[in-house]
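Engineer: the sequence isn't on hand, but the structure is:
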């Protein structure tokens, strides 16, 4: 490979042989001992309240990333109260009994009054068309007056202001179907600040400015879902594929649920789901493990232990036939196609990862080659497992954005043809080797980022039962065979377990009706 | 997050799936670079007390913390080497992981592409990689790289080109040879150029789908002018006009070693690596490149623009004006001012618009600076339709307050402390250190610019902040754009001043561009068409046709399978057409009518007007009608050109291009023996945008001395779309005028 200059003509056969040779050589030399070294450098410690800390020392630069993963997400929300996990995540930045207030006692009295008024309002709203409009106006005026008064005592941005002033980077949090995550990086001498501030938000959360923050949350929903055609489509797909399991509920909740959610509900949700045993923290960076554990005991040890939260018991019944939805939009077509698959802990999970890689990773992937490169009917095509979450049985999703002048049907046919091929013929040895090598390389690359590592260690801890599973993921991929892939494709990519959601362009929809 | 397997072509879908709950102010850029860590240890002693149940009197959890000094090693400095051929190389070793990454900057950009070939720079970058090199196709490169879990990519942006390589250590030679090959010897194979064009055209078709990208694009046009190289967009015509030669020339012009900065990071030995780099690029000849002056950034003029987007319930707002340079002496003060106004959670805009008023999830501004031309200072916000004007007014209030009042001591301290304390993150990864070195080299900034900036920020005073706010923030010059649904706005947008509505309709491609028709080709075309006219019944008979009524079957290939319908077509020359269709299975009747001006549809649900674009399609349909064409050849409206022959089913067909003065065009394919028009090709509008259509005509019969094809099969983009088979064909039957009344 080194002396290629001037060698203009290269036959296909020589070239293929070369690749084959390379891949054999490389697969054997790839950083053989590296992962064990890293794994040995990771320590864990469980507090008496059940919260686990994972620590990885990396002294390259005087910084660290702190990550808290709460094993609670949209999947744990009840009907009528969707969005509450996300609401709590927002409220976790609003401070505590000492941070974010000018006079907590005065503030608290007003917040209690607001809660009562809001309950009255909510009762009246729930009467729908029979509601007393005048009463609502009066209540709203009263509510607003108290809200303004409470604003004098609160200082809702103080929590993040402290972090910003102390040099925190990437302060953020996010909510997924399975989990809620809180994370940022700090200069390494501020590890105690992280401990102090992160622990209090789970010790004394105060949901100040609750009703204003709900307006912010509603704007977030408008941004991500209601004003985005693809956002709307994704929500439809979930609702289509799930009849019973809460994975079918919108991430972030229904608008009306956000509107009616109360502070008490958010606190109850917190009490029920934020048990220390249901949270894990990872610290990766320029820290001393012993010191981290000591501080964790001191700060997070204060959080009282609570019973483990309930798990979702509803099991999605078997889908009996294909389901399909078309939403008519002013925008260009999009197609999503989903099949039911088991949870991340099922033995077939690694097989789905291999399938994802073969179908959808890079320019040599089967879907790219067929739909984008050769047939030119798509500008972006892909497939991925783990939608909407990973913890419970979930969906394997195919998607395509048709190229200009092409439609969903052509793309659907091509996707189905590739699925059929996967069922009918074993994948090649070269394809499998590529998957394995790429997953190793991917893991190596991910080790370079403090925050990336912290996040992965946490999510493996809860999703797979231990952070060590991160390193075992390579073994699992290593064991996948061509037979496994064929078997899994035949078992799960079944017509009757398919849900298809499409964006149909407005004009096209009119014409279809004409026909 | 779940698995290490990278899904690197998952586009927008996954982003939306993965996220929800991000508190980030999305448009904001990360904190500005900073240098020395001012390790401001807070005073006081005693560690934090245990949780108190009497919070009002309790100390805040951070107040009593004492931070130990930051263990800050000397950040590594990349080594700079200039090669004999002018290439500048930066090397930075990093032995933590067995990975080697290369980042390349090439002085070029889309600002240097011609106005009628917008998209050329981007396409050159893309096809350099996908089109392969002289010795290896792009597909072969894909195969090699992906089997090594490696990557080599090239891209050309507005004012800079970039290339990258990432390999596991043991694959360095392979990766480096591919990178060098791609930079020096790209082959620009046609198939990948076509693929790039498909991607570009599709992006054009989709560019109005997302409100946020409309806002970004149209705001740039307001700031720079729609035709400015900084704001202009690709169009079907600019993409269609790009040829392989253009790509070859563009590459040839800018990809020269003396125009390149190459940085390497990772697990290597500098001496060895440098030797490899020298060897691999040694035959690359330097060249003189003439760079035109960069286009001017005009002074912004006050504008309030509206784009109507009916399918959203949140308005996207952007406002601002021409910004400043990073080398401006006031830049440190501008950074602090911008920070206090609208960057980060504690900024004024977030506090006022988001926290206190609950009007937005995302609001904030940027630092407004550019490296070699002034940047754009902008404020962005998304708010529900019903609070659009309220939010805009609240933003203006904060801008005004910034200009008229001094910031508080607390605000100033917060901003400066934040920069000083987070400055360690300027050095926390070696890739950040290296890419900064490349960036400063590229724009001619001193390598210690970030340290200078930090030193400057540290000295900024409240008076400085007010002075720069007053001087540089000029809300009366703001260009403002709102993309949303004005019917639902709280107040009309013109409460703020005169509103300009922007039409974002996507311009359709012009007729197929052809070279100046040679006199010979015109004459040849006319002579063939004269024969065709004779064969179709002669000019006189054709001109006597006033109406045609046909009956037959229409079979449409729909997503649900073939659909059959009975069809009756009534043509009243020169411009009226009525199609009556009966769907047999459903007994449903549908009609489409065009009276020459407008078009409408009659369904069991009632009458429905067809949009102008579809009415236009009727006009184009008339233009393509054989009788219309043959009877208008003598007029000035039509121009014809002989295009050579094309083989079909073993027969050589004569190809003639016909165009009219307003850009309609059609290619006719004529059987030289029978003189029948057996095929027509043209571009037409379909539900998915413009498509290439093809009509195959056969079963020719003479009716009252006029020739007509009784069967037509229609293809769209090469796929069979419909078939029409006629059973009756009546010329000059009486057609009731009322059929064309709405």
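Structural biologist: That came through fine. What you are looking at is a predicted structure, and each value in this text was computed from that prediction instead of being measured.
Engineer: what's near enough to touch the residue lying closest to residue A:38 once chain neighbours are set aside?
Structural biologist: Distance criterion CB to CB, 6 or more residues apart in numbering or on different chains; nearest residue to residue A:38, sequence neighbours excluded, is residue A:447 at 6.2 Å. Where C-beta positions appear, they are placed from N, C-alpha and C, glycine not excepted. The contact partners of residue A:447, by CB atoms under 8 Å, 6 or more residues apart in numbering or on different chains, come to A:38, A:453, B:97.
Engineer: kindly report the same for residue B:160.
Structural biologist: Residue B:160 makes contacts with B:105-109, B:442, as judged by CB under 8 Å, 6+ apart.
Engineer: make it 6 Å
Structural biologist: Residue B:160 is in contact with residue B:109, counting by CB atoms under 6 Å, 6 or more residues apart in numbering or on different chains.
Engineer: for it, grab phi and psi.
Structural biologist: phi -170, psi 140 (degrees, to the nearest 10).
Engineer: for residue A:300, give me its contacts.
Structural biologist: Residues near residue A:300 by CB under 6 Å, 6+ apart: A:47, A:51, A:199.
Engineer: centroid residue for chain A?
Structural biologist: residue A:176 (4.0 Å; CA atoms, centre = their mean).
Engineer: ignoring the adjacent residues along the chain, who's closest to it?
Structural biologist: Using CB to CB, 6+ apart, the closest residue to residue A:176 is residue A:73 (5.2 Å).
Engineer: my guess is the one you found contacts residue A:246. True?
Structural biologist: No - taking contacts as CB atoms under 6 Å, residue A:73 lies outside contact range of residue A:246: 9.6 Å.
Engineer: which of these two has more neighbours?
Structural biologist: Using other CB atoms under 10 Å in any protein chain shown as the criterion, residue A:73 and residue A:246 rank with residue A:73 on top: 26 against 22.
Engineer: which ones are touching that one?
Structural biologist: Applying CB under 6 Å, 6+ apart, the residues near residue A:73 are A:85, A:176-180.
Engineer: so which of the residues you listed are in strands?
Structural biologist: In strands, judged by DSSP state E, the following of these are found: residue A:180.
Engineer: can you tell me the SS state at the residue in the stretch 301-450 of chain A that chain B sits nearest to?
Structural biologist: Closest to chain B within the stretch 301-450 of chain A is residue A:441: 3.3 Å, counting by CB to the nearest CB. Secondary structure assignment for residue A:441 (DSSP: H, G, I helix; E, B strand; the rest coil): helix.
Engineer: if we can go back for a sec, next up, phi/psi of the residue nearest to the centre of chain A, please.
Structural biologist: Dihedral angles for residue A:176 - degrees, to the nearest 10 - are phi -120, psi -180.
Engineer: so which residues on the stretch 401-550 of chain B come close to chain A?
Structural biologist: The stretch 401-550 of chain B comes close to chain A at residues B:414, B:417-418, B:421-422, B:424-425, B:428, as judged by CB under 6 Å from any CB of the partner chain.
Engineer: quick one: residue B:451 from residue A:57, how far?
Structural biologist: 29 Å (CB to CB, to the nearest Å).
Engineer: can you check residue B:153 too?
Structural biologist: Applying CB to CB to residue B:153 and residue A:57 gives a distance of 33 Å.
Engineer: how about residue B:344?
Structural biologist: Taking CB to CB, one finds residue B:344 at 30 Å from residue A:57.
Engineer: the two: which has the busier surroundings?
Structural biologist: Neighbour count, other CB under 10 Å: between residue B:344 and residue A:57, residue B:344 has more, with 25 against 16.
Engineer: kindly confirm whether my reading is correct that the more buried one touches residue A:167.
Structural biologist: No - if you go by CB under 6 Å, residue B:344 and residue A:167 don't touch, sitting 11.8 Å apart.
Engineer: number of residues surrounding the closest residue to residue A:319 other than its chain neighbours?
Structural biologist: Excluding the flanking residues, the one nearest residue A:319 by CB to CB, 6+ apart is residue A:497, at 5.0 Å. Neighbour count for residue A:497, taken as other CB under 10 Å: 21.
Engineer: check contacts around residue A:497.
Structural biologist: By CB under 6 Å, 6+ apart, the neighbours of residue A:497 are A:319, A:339-340.
Engineer: got it, and residue B:526?
Structural biologist: Residues counted as contacts of residue B:526 (CB under 6 Å, 6+ apart): none.
Engineer: just residue A:490 next, same as before
Structural biologist: By CB under 6 Å, 6+ apart, the residues touching residue A:490 are residue A:423.
Engineer: so what pairs up with residue A:54 in the strands?
Structural biologist: residue A:44, residue A:282 (DSSP bridges).
Engineer: that one: how many residues sit nearby?
Structural biologist: 24.
Engineer: just checking, it touches residue A:467?
Structural biologist: Yes - using CB under 6 Å, residue A:54 makes contact with residue A:467 at a distance of 5.5 Å.
Engineer: find residues that contact each of these two.
Structural biologist: With CB under 6 Å, 6+ apart as the test, residue A:54 and residue A:467 both reach residue A:457.
Engineer: near chain B, which residues of the stretch 251-400 of chain A show up?
Structural biologist: Counting by CB under 6 Å from any CB, the stretch 251-400 of chain A sits next to chain B at A:251-252, A:302, A:330-332, A:353, A:357, A:362-364, A:376, A:379-380, A:382, A:384, A:386, A:390, A:399.
Engineer: for residue A:467, helix, strand, or coil?
Structural biologist: coil.
Engineer: could you measure from it over to residue A:203?
Structural biologist: 25 Å.
Engineer: of those two, which one has the most company?
Structural biologist: More crowded of residue A:467 and residue A:203, by other CB under 10 Å: residue A:467, with 23 against 16.
Engineer: what sits closest to that one if chain neighbours are left out?
Structural biologist: Per CB to CB, 6+ apart, closest to residue A:467 is residue A:457, 4.2 Å.
Engineer: before we move on, what about residue B:118?
Structural biologist: residue B:238 (4.2 Å).
Engineer: next, count neighbours for that neighbour.
Structural biologist: Using other CB under 10 Å as the criterion, residue B:238 is surrounded by 21 other residues.
Engineer: try the one 5 residues further on
Structural biologist: Under the neighbour criterion other CB under 10 Å, residue B:243 is assigned a count of 14.
Engineer: residue ranges with poor pLDDT in the chain?
Structural biologist: Picking chain A for this. A:1-34, A:508-515 (pLDDT under 70).
Engineer: was after chain B, sorry
Structural biologist: Checking chain B against pLDDT under 70 turns up B:1-58, B:511-518, B:559-560, B:613, B:686-689.
Engineer: tell me how it divides into domains.
Structural biologist: Annotated domains of chain B cover B:79-207+B:232-280, B:297-501, B:519-740 [automatic domain parsing].
Engineer: strands of the stretch 151-300 of chain B, residue ranges please.
Structural biologist: B:151-156, B:161-168, B:260-266 (DSSP state E, counting those that start in this stretch).
Engineer: returning to what we had before: tell me the phi and psi of the residue nearest to residue A:319?
Structural biologist: phi -100, psi 20.
Engineer: just put the contacts of residue A:497 in TSV and tack on secondary structure and neighbour count.
Structural biologist: TSV is the format used below for these (DSSP: H, G, I helix; E, B strand; the rest coil; neighbours: other CB atoms under 10 Å in any protein chain shown):
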residue	secondary structure	neighbour count
A:319	coil	18
A:339	strand	22
A:340	strand	20
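Engineer: got the buried residues for stretch A:70-88?
Structural biologist: Going by neighbour count (16 or more other CB atoms under 10 Å in any protein chain shown), the buried part of stretch A:70-88 is A:70-77, A:81-88.
Engineer: now, these that are in helices?
Structural biologist: Cross-referencing the buried residues of stretch A:70-88 against helices under DSSP state H gives A:84-88.
Engineer: ok, those vs residue B:721, which is closest?
Structural biologist: In terms of CB to CB, no member of those lies closer to residue B:721 than residue A:86, at 45.7 Å.
Engineer: just to check, the closest one is in contact with residue A:174?
Structural biologist: No - in this structure, residue A:86 is not within contact of residue A:174 by CB under 6 Å, at 9.0 Å.
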